[in-house]
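S.K.: sequence below, structure please.
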Amino acid sequence: MCIRDSRIGVDVGKFGLIFSLLSFMILVIFILVEHVEKERNFMHETFHELLEALVVSLTVLIVSIPEGLALSVTISLGFSVKRMVEDQNLIKSLEAAETMGNIQMICSDKTGTLTQNKMHLITIWNKNFKEVDYSSDTIDLGSITTNQQAQQLILEAINCNSSAELHAQIGSQTELGLLKFTEKCGQSYEKFRNAHL
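M.R.: Modelled structure (predicted):
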C-alpha cells in the first residue's frame, strides 16, 4: 500500500515538475515575443514580468507535489489574513480565515468576543444583585424593589440618561438594551423623556 502511494506521489511530482517547467518556458516565450513585438529595451518591467513567470511556475510545482500542499494552503491563508488586516480585521489563527471566507458581517464587543450585537439587562443592583429574566416579554419591577420611589428612580435614570431611540435602533447597544428593559416593564421611555427633559 505504501509502495503504491509513494509511486503515485513520485509520478505526480514528476508531472508537476514537467508542467512547471513547461509553463515557465511558455510564459518566458510570451514575454520575449511581446518584448520584440513592441520593440522595448530590456527594462525593469520585463525583469518584473520574468520574475512573475518564475513565481507562477514555482507555485505550480509546489501545489502539484503532495508534500507542498500544506505549504501552499498556509501561504494562501497568509495572503488572505494580510488582505483582511488591510480591511481592519485582525485574525489570530490562519484557520479562522478559511472559515470566515463567506461571512458578510461580524459583530463583536470591545473585548473581541463574537456577539449577536444585542444587549440585555440581566442583573440589576439594589443593595444586592437581582437577576432579571430578559427572555420574558414582561418584567415585574416590583420583583426588583418594592419601593415605588426606587422604581421611579431606576426608570428615570435609564430613560433620561440616554439619547438612543429603541424603535429606530439608533444608539449604542447598551442603551438600547436598557430601553428594552423599560419597555418590558410596561413603561414608555418617551414618556419619561417628555416629562423630565
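S.K.: tell me the helices and strands packed up against the host helix or strand of Lys130.
M.R.: Using DSSP states H and E, Lys130 sits in strand 129-131. Packing partners of strand 129-131 (3 or more CB pairs under 8 Å, 6 or more residues apart in numbering; DSSP states H and E): strand 123-125. From N, CA and C alone the C-beta is placed, and that goes for glycine too.
S.K.: need the longest helix for the protein.
M.R.: For the chain, the longest helix by residue count, based on DSSP state H, is helix 2-37.
S.K.: how far does the helix or strand that that helix is followed by sit from its chain's centre?
M.R.: Counting by DSSP H and E, the next helix or strand C-terminal to helix 2-37 is helix 44-64. How far helix 44-64 lies from its chain's middle: 31 Å, per CA atoms, centre = their mean, to the nearest Å.
S.K.: and stretch 172-186, by the same measure?
M.R.: With CA atoms, centre = their mean, you get 28 Å for stretch 172-186.
S.K.: so what touches that stretch?
M.R.: The contact list for stretch 172-186 (CB atoms under 8 Å, 6 or more residues apart in numbering) reads 117-121, 132, 134, 136-141, 155, 158-159, 162-164, 166, 169, 188-189, 192.
S.K.: and that stretch, C-alpha only, in CSV?
M.R.: Extracted in CSV, the C-alpha atoms of stretch 172-186 (Å, rounded to 0.1, in the frame of the first residue of the first chain):
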residue,chain,number,x,y,z
SER,A,172,-25.3,52.1,21.4
GLN,A,173,-26.5,48.6,22.1
THR,A,174,-26.0,49.1,25.8
GLU,A,175,-28.5,52.0,25.8
LEU,A,176,-30.9,50.0,23.6
GLY,A,177,-30.8,47.1,26.0
LEU,A,178,-31.7,49.3,28.9
LEU,A,179,-34.6,50.8,26.9
LYS,A,180,-35.8,47.3,26.1
PHE,A,181,-35.9,46.7,29.9
THR,A,182,-38.1,49.8,30.3
GLU,A,183,-40.5,48.6,27.6
LYS,A,184,-40.7,45.2,29.2
CYS,A,185,-41.6,46.8,32.5
GLY,A,186,-44.7,48.2,30.7
